[in-house]
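Q: Here's my sequence, what's the structure:
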Amino acid sequence: MMRSLLSRLRGTAAQFVNRRDGAVAIVYALALIPTIAAVGSAVDLTRAMVVKMRLGEALDSAGLSVAGTVGLTEAQMTAKAQQFFYANYPPDELGTVTSLTVTPAGNNLVTVSGSARVDTSFMGLFGIYYLDVAVNVEVTRESKGLEIALVLDNTGSMASNGKLPALKTATMELINILFGDQNTPEHLKMSLVPFSQTVKVDTAQFNNSGWMDSTGQASTAKLNFDNNKYAFSVWQAMSNKSWGGCLEARPNGYEELDTAPSAGTPDTRWVPYFEPDGPDSSAYSGYTTYVSDGGSGNQDTRLRRSSKYNGQNKTNPNADCNMQKILPLTNNKVTLQSYVNGMISTGYTHIALGAGWGWRTLSPTAPYTEGSDYGDENWTKAMVFLTDGLNTVDSNNTWHKSTYTAYNYLIRGQLGTTSAGTAETNQDTRTNTVCSRIKAEGIRIYTILLEEDASRARNLMESCASEDVSNNTANKCNNNASKLCYESPSAAELQGIFQDIAQDLSNLRLSQ
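A: Numbers count the residues shown, from 1 in each chain. This next block holds a predicted model:
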């Protein structure tokens with residue numbers, strides 16, 4: 001029975017093979033159509049997957065480029081995204097790009113979306129002539145903390161050529177870029193250090209914290225007074241007048257250090273700024289005088305006579321101390337803007353003073369302690385340092401050889417000499433010393449030279465600036481592209497420079 005069944009099956013198979021009327025070919029062809037369709041569709045779908053992968057890679061690049069730069073408008077973000085996208089997805093790639101959009105969401109999130117169309121090769125047989133693929137890339141900005149000291153020249157020369165208004169506008173732009181729409185961001189702090197021939201601090205803070213030489217123990221405290229008097233004791237003898245907040249430079253190298261003030265080392269404390277009354281005798285011309293000498297004597301005897309201030313109701317000791325005071329590190333955008341608007345121009349240029357005080361606002365040690373610890377990987381420290389001129393000493397033909405500034409009179413030797421030319425050179429040396437110490441702490445320094453082309457000034461600002469590892473293409477002092485040193489031939493160009501610096505600072509904060 002089984003053998004008979006097998007024989008019949010073999011016979012039937014032989015007849016199928018030996019048939020010649022084409023029926024089998026038709027059946028086979030009909031069966032092959034779905035097979036070809038399946039294989040062809042797989043090819044088309046594979047090509048679409050390749051396009052999606054390449055589209056995603058190009059969008060990743062575009063997203064990172066946009067997220068790594070803040071302060072751009074949506075149109076600028078789109079243009080930047082397109083630049084990076086098409087560099088990674090050239091027109092001859094498989095697939096035709098049909099859309100590319102950038103959608104910012106606050107300060108920390110950017111979404112870049114794109115789509116492309118792939119023409120089919122096989123699926124068109126069934127009316128499917130193309131496939132659309134789309135990719136969304138979402139990039140979150142993870143910000144490191146940023147502490148910035150704005151050390152800004154507020155000297156008398158800033159009143160010319162619209163420089164001070166331009167500086168205010170540029171500084172506001174920098175603040176707006178970095179703060180964005182946040183008024184008190186958690187990971188951004190900024191200080192403001194206006195400087196000229198002195199700096200001004202908060203009187204209550206410095207008096208109450210023990211940072212001032214309140215008892216005349218510093219080696220420079222009594223240089224301009226007789227009878228063992230010092231600035232605070234003279235003010236006490238005056239009528240309703242007190243210290244205005246400006247400071248003399250610390251002696252014996254402490255002004256170029258970040259050493260905290262302490263009672264045990266009197267020269268680390270600050271001596272208050274007190275501009276003396278000059279001799280009023282016609283025999284000694286060239287002085288500013290505002291009270292009677294109260295006796296005879298030579299120039300220095302008359303100038304140092306402390307009793308002449310008794311009962312006087314004069315503001316003159318605080319001359320050139322109407323400048324804006326230092327604002328310690330803060331994350332309050334409105335406070336910063338208010339301080340910028342309050343800057344005025346006055347006095348001569350002592351650049352090392354500004355650099356030293358900018359450093360102190362970034363330091364974690366007194367007198368300002370708002371700064372993070374040096375080496376804290378969660379925070380980056382930077383200083384933006386602008387001046388429109390050279391270190392100067394206003395010398396004259398008086399016995400004291402100069403006007404009074406934070407370095408006292410030239411005759412007192414606080415700049416290591418009684419020669420005006422040498423004193424200016426020594427100020428340059430001190431500036432370089434301070435800048436080197438600041439950079440040694442890992443603080444990034446940007447320097448800006450405004451409307452000044454003297455080689456001495458360019459050399460000083462270039463030496464002070466940090467190395468630019470990213471090799472930005474902005475204008476550099478002496479055309480040295482490895483330094484973060486900018487030259488602004490005009491006040492009008494200053495805003496663009498501050499925008500460049502703001503972008504660079506933003507990039508330092510962001511990691512994707």
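Q: Quick check on P328: phi, psi?
A: In terms of degrees, to the nearest 10, the main-chain angles of P328 are phi -60, psi 170.
Q: wait, it sits on K189?
A: No: contact criterion Cβ atoms under 8 Å: P328 and K189 do not qualify, at 9.0 Å. Placement of C-beta: from N, CA and C, glycine included.
Q: Which one of those two is surrounded by more residues?
A: K189 (24 against 21; other Cβ atoms under 10 Å).
Q: helix, strand or coil for that one?
A: For K189, the assignment made with DSSP: H, G, I helix; E, B strand; the rest coil gives strand.
Q: Tell me the predicted confidence for it.
A: Note for K189: predicted pLDDT of 97.
Q: Just give the nearest non-adjacent residue to it, would you?
A: Of all residues beyond its chain neighbours, the one nearest K189 is L329 (4.2 Å), with distances taken as Cβ to Cβ, 6 or more residues apart in numbering.
Q: does the one you found sit in a helix, a strand or a coil?
A: Secondary structure for L329, judged by three-state DSSP, is strand.
Q: got a list of what it touches?
A: E147, A149, K189, M190, S191, T361, L362, Y368, E370, G371 (Cβ atoms under 8 Å, 6 or more residues apart in numbering).
Q: The same query, at a cut-off of 10 Å, please.
A: When the contact criterion is Cβ atoms under 10 Å, 6 or more residues apart in numbering, the partners of L329 are 147-149, 188-192, 361-363, 368-372, 381.
Q: Any of the residues you listed buried? List them.
A: Burial by neighbour count, 16 or more other Cβ atoms under 10 Å: within those this picks out 147-149, 188-192, 361-363, 368, 371-372, 381.
Q: Then T369 would be within a strand, right?
A: No: according to three-state DSSP, the state of T369 is coil, so it is not within a strand.
Q: shouldn't it be in contact with Q205?
A: No: shown here, T369 and Q205 do not form a contact pair, counting by Cβ atoms under 10 Å, at 11.3 Å.
Q: joint contacts of these two?
A: Shared contacts of T369 and Q205, defined by Cβ under 10 Å, 6+ apart, are found at P328.
Q: and this protein, what are its domains?
A: Structural domains of the chain, as assigned by automatic domain parsing, span the residue ranges 28-140, 145-511.
Q: got any ranges where the stretch 101-250 of the chain has weak pLDDT?
A: Scanning the stretch 101-250 of the chain with the threshold set as pLDDT under 70 gives 106-108, 140-143.
Q: go again using 90 as the cut-off
A: Judged against pLDDT under 90, the low-scoring parts of the stretch 101-250 of the chain cover residues 101-114, 116-144, 177-182, 186.
Q: can you give me the helices in it?
A: Chain-ordered helices for the stretch 101-250 of the chain, with DSSP state H, counting those that start in this stretch as the definition, fall at 163-179, 203-208, 231-237.
Q: Would you format those helices as CSV with mean neighbour count and distance to V66 included?
A: What follows is the helices of the stretch 101-250 of the chain, written out as CSV (neighbours: other Cβ atoms under 10 Å; distance: least, Cβ to Cβ, whole Å):
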stretch, mean neighbour count, distance to V66
helix 163-179, 21, 15
helix 203-208, 14, 42
helix 231-237, 18, 56
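Q: What segments of the stretch 151-300 of the chain are strands?
A: Assignment of strands within the stretch 151-300 of the chain using DSSP state E, counting those that start in this stretch yields the ranges 188-195.
Q: got JSON lines for the helices of the stretch 101-250 of the chain, with distance to K333 too?
A: As requested, the helices of the stretch 101-250 of the chain are arranged in JSON lines below (distance: least, Cβ to Cβ, whole Å):
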{"stretch": "helix 163-179", "distance to K333": "5"}
{"stretch": "helix 203-208", "distance to K333": "22"}
{"stretch": "helix 231-237", "distance to K333": "36"}
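Q: of those helices, which approaches E493 most closely?
A: E493 lies closest to helix 163-179 among the helices of the stretch 101-250 of the chain, at 8.8 Å (Cβ to Cβ).
Q: Which other helices and strands does the closest one contact?
A: Judged by 3 or more Cβ pairs under 10 Å, 6 or more residues apart in numbering; DSSP states H and E, helix 163-179 is in contact with strand 145-153, strand 188-195, helix 333-341, strand 379-387, strand 444-450, strand 485-488, helix 494-509.
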